[in-house]
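Participant: Got a predicted structure plus its sequence, pasted below:
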Amino acid sequence: MSAVAWLTQFLEVLAALVLAPLFLGWVNACRAWLQNRRAPSVLLPYHGIRKLFHKDAVIAEGASPLFRLAPYIVFGAMVAAAAVIPSMGTGLPFRSAADAIALVGLLAIARVFMSLAAMDIGTAFGTLGARREMMIGFLAEPALLMVIFVASLLSATTALPLIAERLVVQPLALYPSLAFTAVAFTMVLLAENARIPVDNPATHLELTMIHEAMLLEYSARHLALMEWAAALKLFNYACIGFALFVPWGASIGETGIGALALSIPALLAKLAVAGLWLALLETVSAKLRVFRAPEFMATAFMFAVLGLLVHLLLGA
Amino acid sequence: MAPIDSPLTLSLALLACWAVVGAAGLLRPHSVALVGRVLFPLGAIVGVGLAIVAALSLTEPVEHATLHIGLPDLPMHVRLDNLSRVFLALLGSASAGVSLFAAGYFRKGEGTAPGVMGLQYHLFLASMGFVLVADDAYAFMVAWETMALTSYFLVTAQHGIPEIRSAGFLYLLMAHVGAIAILLSFGILQGGTWLFSFDAMRESTLSTPWATAAFLLALFGFGAKAGLLPLHVWLPEAHPAAPSPVSALMSGVMLKTAIYGVLRVTFDLIGDPLWWWGLIPLALGLATAIFGVVFAAVQTDMKRLLAYSSVENIGVLFTGIGLAIVFHGVGMTELAALALVAVLYHSINHAFMKSLLFLGTGAVLHATGERNLGRLGGLIHRMPWAAWLTLVGVLAIAGLPPLNGFVSEWLLLQTFLFSHEVPQPFVNMLLPLGAAIVALAAALAGYVMVKFFGIVFLGQPRESSLAVAHDVDGFEKAGLVWLAIGCVLLGLLPNQVIHALGAATEQLVGAAPNLAGQSWWMLAPLTERDVSYAPLVLLAVIVAVVAATFLIVRIVYRRPVRRAPTWDCGFGRLDPRMQDTAEGFGQPIRHIFVSFFEMERDLPSPHDQAPRYRVKVSDRFWKGVYLPIAALLARAANSVAWLQQGRISVYLTYSFITLVLLLAVML
């Protein structure tokens, strides 16, 4: 492994840590513009995290050690996931450690620990959030895996950097199967990141909330880590989407420092467009009732399966 | 006869040791000190020895021997090959943890006397071992039946309770229906030679219809033992009825003897299975997996929940077997080997993780006397050892990296990714969809396990009596630690495990995953595909990030942690009943998979002063399959019953008619 590869790896993780709150702030700002509201600063998530780190942690009396451990594990899983997603370059030294299926596993670790922590205090909201989160999770995970399968059938590998690499080096063509799976992936992204139409990140209304319900008992540094992990999750999903569907711009294979330098503006541009697209989707759709969510996820799953069938029928 | 220090002789000697250890308990059957503190730990040592002997002999050639025991002129053939060795290693290593736990678990005054229980337990172990080395139909069936009978007595240890008696009867019935099918399958396999040694069966050639019939009978017979749909109904009844170490053995180890049986008959005795046979276990396996996990999600009894989870895992195993048969039948032997490795790996994984979970429920059961999820909660505070060790099993069975459950799931999914290359139209398009079902089952398993762990160990205690729950003692702790370490190691060192399992697939399908020239810490079993998984690196990265985050947060923001009452939204009445119950947690599943269940619901009217909500969820298969068969049997029995008139003159007439008929035939 060359020095550039290690540099790419380091920069990627650093970029994920630094850019994730910014991306979240960008999505929120875009949403505000589209809804004719005055936009908050795109830097607001940083302020929020900084503020939380400076507070005294208050923990409920019935909390077990698992409750205090969970934010670190959730955060750790998200950072590890960021390390295998080729957001800037595909020649990652860490890429042989985990393929896309293991990546889904890493995301599942975060989900399971977050749900367990939510059940730890034993409040009505916590268990409600955990139950709903696991429900969304078990519906979204197979859909996400099917999306990855289609991409891996196209590129004969399940390693995400290689999928991106092989899609880039192939002559530019429109893959109908990828079009279907892109729709499925977008739906999974919305559901898994607690966005409209499945969940609303801006509400604390008990009838509808999922993600926020699980975090109600957290405060200060634990909450900061959870919030940061949530931002990282959104960032990671966006970068998985780039790797699967628009891998252009990332440095391919063992390259020099020049390609790496070029990949940074490429990533920023893709994030800017993705944020706008996400905000647009959220603005034009309405929040679903919780029990409509399974239908939404089933649709995503069906789109992914359709993509698979299209690939098998047409070979493209 | 094999030499005295050969692995086969050693294995047989160790199996005999188990029988002797069991019999020693009869010396003082009521002494917990002798049986618990001495004999069960000895049994665990024998298990470890068996696992070591089996694992170390994996590369050695096949060994045969003939035992002149039992009936005169009917010797038993035994044989030790790589398939037997893999399963013997599974039996020895997993049962060692269970035996250690059992040493602290069985106590006086719980049904059968400890000494008798110890005898049944160790005979059960020995018979499972003998099933794995048997090399003729006679020895196999004797061992198989001993296994069924000893486990029946273990299940009905607390035979004073009517539910346990009926669960035991159901188990015995299903075991025997299955055994008959296996016997018939052997009857076909001997192919007219009337030689019932497995060697003769290997050599006999069967026509396609007969071979298919033998395969289907074996699938039915072993499927009944394993809990394949629709023969699963005994599992959720018998497993909760048995004492927890016995549930652990039945779920973790005994079900695997059925997997062994299917593999033995299909790939060894029949030898060249047709590709389309594989579609049957594949379809049944996928159905079983989804059905099992959906039912697990709505259970309110923690052991029933785990039993249904075993049904799911059996489904996953049969899916893998089906895939292996398809690949083998179309000549893609390397992929068949990979699918078989996934099956064997998952068998071992499931043996460890499910035993761990059942023993965890045993600890909870002893500490609280409660199996109902609705009356548990918050036990992580009172029983930290049991809780944290059970958490390892929970994360493993939920299929999370870097633990062991993930590795076998990963292998199976990777195998599925090749299924579109099967050169059969339509089938190659349907097979990849199986991967989606496996993924759904795995994701649902995560749901089930969060429910299990969250409701039992987390939250507030739902009953005040839970405040006096005590943690596990020394032996119990040792057993749990053994199994948890097994889960971790099996997850972290997949290359070594797969290398060992390759010896068995080499024997069954003539190929093994190619691991040559690979780093010991990285798993990349597919030569033509550039995929890899390195659990140690993954774990190191996660641990490093968690540790670094922890240190940075600690150093930079050194603020105190304050404990305060839970925020009650200003209402001031936060009580444990506000948490989700097991029913509540399963409600989304009931809602989404409504067509799976037979549901009876009483909804109270909105004006009811004392409203009661009642819902009863039951298995459709009872009403759809079992009750009609039972009714048919009862009708048939009734129609024959008129023969039984209850008068001596009528019976004498029967005897007379029989005699006359016999005379007529003879003359």
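Facilitator: Nice, thanks for sending it over.
Participant: So which residues of chain B form strands?
Facilitator: B:63-67, B:76-80, B:561-564, B:597-602, B:614-619 (DSSP state E).
Participant: actually chain A, not the one I wrote
Facilitator: Applying DSSP E to chain A gives strands spanning A:57-60.
Participant: which residues touch residue B:481?
Facilitator: The contact partners of residue B:481, taken as C-beta atoms under 8 Å, 6 or more residues apart in numbering or on different chains, are residue B:389. Every C-beta, even on glycine, is put in place using the N, C-alpha and C of the backbone.
Participant: scratch that, residue A:297
Facilitator: Here residue A:297 is in contact with A:136, A:139, A:140, A:143, A:187, A:188, A:191, A:198 (criterion: C-beta under 8 Å, 6+ apart).
Participant: can we see that at 6 Å?
Facilitator: A:139, A:140, A:191 (C-beta atoms under 6 Å, 6 or more residues apart in numbering or on different chains).
Participant: Over to residue A:155?
Facilitator: A:163, A:166.
Participant: That one and residue A:282: what is the separation?
Facilitator: Distance of residue A:155 to residue A:282, computed by C-beta to C-beta, to the nearest Å: 31 Å.
Participant: you'd agree residue B:453 is up against residue B:396?
Facilitator: No. Residue B:453 is beyond contact range of residue B:396, at 11.8 Å (criterion: C-beta atoms under 6 Å).
Participant: Which residue of the two possesses the greater neighbour count?
Facilitator: More crowded of residue B:453 and residue B:396, by other C-beta atoms under 10 Å in any protein chain shown: residue B:396, with 30 against 25.
Participant: from memory that one sits against residue B:407, does it?
Facilitator: No. Between residue B:396 and residue B:407 there is no contact under C-beta under 6 Å: 9.8 Å.
Participant: Residue numbers of the stretch 401-550 of chain B in contact with chain A?
Facilitator: Counting by C-beta under 6 Å from any C-beta of the partner chain, the stretch 401-550 of chain B comes close to chain A at B:401, B:406, B:410, B:413, B:420, B:429, B:432, B:436, B:439-440, B:443-444, B:446-447, B:450, B:454, B:458-460, B:529-534, B:537-538, B:541-542, B:545-546, B:549-550.
Participant: Pull out the buried residues from the residues you listed.
Facilitator: Burial by neighbour count, 16 or more other C-beta atoms under 10 Å in any protein chain shown: within those this picks out B:401, B:406, B:410, B:413, B:420, B:429, B:432, B:436, B:439-440, B:443-444, B:446-447, B:450, B:454, B:458-460, B:529-534, B:537-538, B:541-542, B:545-546, B:549-550.
Participant: By proximity to chain A, which residue of the stretch 251-400 of chain B wins?
Facilitator: Nearest residue of the stretch 251-400 of chain B to chain A: residue B:380, at 4.6 Å (C-beta to the nearest C-beta).
Participant: Name the residue most distant from the centre of chain A?
Facilitator: With distances taken as C-alpha atoms, centre = their mean, the residue sitting farthest from the centre of chain A turns out to be residue A:61, at 32.4 Å.
Participant: Contact partners for that residue?
Facilitator: B:563, B:565.
Participant: just residue B:522 next, same as before
Facilitator: Residues in contact with residue B:522 (C-beta under 6 Å, 6+ apart) are B:532, B:534.
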